[in-house]
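>>> for reference, the sequence and a predicted model appear below.
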Amino acid sequence: MPQHIFPMLKKKEQTANDSAPEQFLLKAQIEALHEELELIEQKTNAFETILRTSLADELIEEQELRILYKKLQQAKKEKRLKQKKKGKNYKEPIGIKSIIRAKSDTSNKEEQKEKKRLYREAMLHVHPDKFSMDEEKIDLATEVTSQLIDIYRAGNLHELKLYHTHIFSGNALNQAIDVYPEGTKTILQDSYLIKEKEQLEELLFTAKNRHTYKILTEYPDPLLFVDELKVYYTDKIAKFRRRTRKAKL
C-alpha cells in the first residue's frame with residue numbers, strides 16, 4: 001500500500017473516534033425525548049378517552065348535525081348554480097334530498113342494539129376532535145364519519161360491520177406518528193441525528209401544548225373539564241339544530 005494512504009486512513013479513523021461521544025450523547029437525548037413523548041401521549045390519550053366516554057352522546061349528535069349542515073350548505077350551492085343556468089324560469093325544488101333509510105325491523109331488537117354499538121364505537125374512534133392538531137386528519141376524519149353516518153342510517157348491519165372493521169384496522173385513518181424515520185438507527189451521521197432530535201423536540205413541544213394535556217397538568221381536578229365541554233357542546237348542538245331544523249332526514 002502506498003505510504004501516502006496511511007495519513008488519510010489515520011485522519012478518517014481519528015474523525016470517527018472524535019464524533020463517537022457526540023453521537024452517543026445525541027442518541028441518548030433522542031431516546032430520552034422519545035420516552036418523554038410516549039409518556040405524555042399515553043397520559044393525554046387516556047384522559048381524552050375518559051372525556052370522549054363522558055361526552056359520547058354530545059360528540060355523536062354534534063358530528064351528525066355538522067355533517068347534515070354541510071350537506072345543506074352544499075345543496076344550497078347547487079340550487080344557486082341551477083338558478084344561474086335556468087334564469088327566471090327556474091323553480092326552486094322543495095326541501096333537500098333525504099338520506100335513504102332502510103325500514104328498521106322493530107322485532108329484531110338485538111340487531112338494532114348491535115348496529116348502535118358498532119356505530120358509536122366507530123364514531124368515537126374517528127371523531128374529528130381527536131385530531132385537533134392535524135388539519136389533514138380532521139378533513140379525513142370528517143369524510144369517514146360522514147360515510148359512517150350514511151351507512152348507519154341506511155340500516156345495513158353487514159355493511160356497518162365491514163366499515164367498523166375497516167376503521168379499526170387503521171386503514172380508514174393512519175394515526176401512526178413516524179417518530180423514527182426508516183433507517184435512523186443504522187445511520188450514524190451527526191447531521192441526521194441532530195435532525196431527528198429536532199423533529200422529536202417539535203413533536204414534544206406540540207404534545208405539551210395540546211389543550212387536553214394542559215388541562216390534565218394544570219387543573220386541580222381535570223375531570224371538571226367534562227362540565228365545561230358539556231356546556232360547549234350543548235351550545236354547538238343548539239346552534240346546529242337551529243340551522244338544520246328544516247332539513248328532512
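That came through fine. Numbers count the residues shown, from 1 in each chain.
>>> all helices of this structure, in order?
5-54, 56-86, 109-125, 135-154, 157-168, 190-208, 211-218, 225-243 (DSSP state H).
>>> in CSV: those, plus mean pLDDT and mean neighbour count.
To be clear about C-beta, it is placed using only N, CA and C from the backbone, and glycine gets the same treatment. CSV is the format used below for those (pLDDT from 0 to 100; neighbours: other CB atoms under 10 Å):
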stretch, mean pLDDT, mean neighbour count
helix 5-54, 77, 13
helix 56-86, 87, 15
helix 109-125, 88, 15
helix 135-154, 83, 17
helix 157-168, 83, 16
helix 190-208, 85, 15
helix 211-218, 94, 15
helix 225-243, 93, 14
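>>> go ahead and confirm residue 72 touches residue 240.
No - because the distance of 10.2 Å does not satisfy CB atoms under 8 Å, residue 72 is recorded as not touching residue 240.
>>> if I pick the closest residue to residue 127 other than its chain neighbours, what's in contact with it?
Leaving aside its chain neighbours, residue 127 sits nearest to residue 59 (5.6 Å; criterion: CB to CB, 6 or more residues apart in numbering). Shown in contact with residue 59 (CB atoms under 8 Å, 6 or more residues apart in numbering): 52, 123, 124, 127, 129, 233.
>>> which residue packs closest to the residue nearest to the spatial centre of the chain, ignoring adjacent ones?
Note on the chain: the residue nearest the mean C-alpha position is residue 131, at 3.3 Å, using CA atoms, centre = their mean. Of all residues not flanking residue 131 in the chain, residue 137 sits nearest, at 3.6 Å (CB to CB, 6+ apart).
>>> so who does the residue nearest to residue 233 when sequence neighbours are not counted touch?
Nearest residue to residue 233, sequence neighbours excluded (CB to CB, 6+ apart): residue 58, at 4.0 Å. Neighbour list for residue 58: 229, 230, 233, 234, 237 [criterion: CB under 8 Å, 6+ apart].
>>> now the residues you listed in a markdown table, with distance to residue 41?
What follows is the contacts of residue 58, written out as a markdown table (distance: CB to CB, whole Å):
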| residue | distance to residue 41 |
| --- | --- |
| 229 | 20 |
| 230 | 25 |
| 233 | 24 |
| 234 | 29 |
| 237 | 29 |
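>>> re the thing from before, I figured the residue nearest to residue 131 was touching residue 126, is that so?
No - with contact defined as CB under 8 Å, residue 137 and residue 126 do not form a contacting pair (9.5 Å).
>>> and residue 187, what pLDDT?
Listed pLDDT for residue 187 reads 40.
>>> which residues touch residue 125?
167, 168 are the contacts of residue 125 under CB under 8 Å, 6+ apart.
>>> repeat that for residue 239.
Contacts of residue 239 (CB under 8 Å, 6+ apart): none.
>>> how near is residue 36 to residue 62?
Separation of residue 36 from residue 62 (CB to CB, to the nearest Å): 33 Å.
>>> kindly report the same for residue 136.
From residue 136 to residue 62 the distance is 21 Å (CB to CB).
>>> just residue 54 next, same as before
From residue 54 to residue 62 the distance is 14 Å (CB to CB).
>>> ok, residue 111 touching residue 158?
No - in this structure residue 111 lies outside contact range of residue 158 using CB under 8 Å: 10.6 Å.
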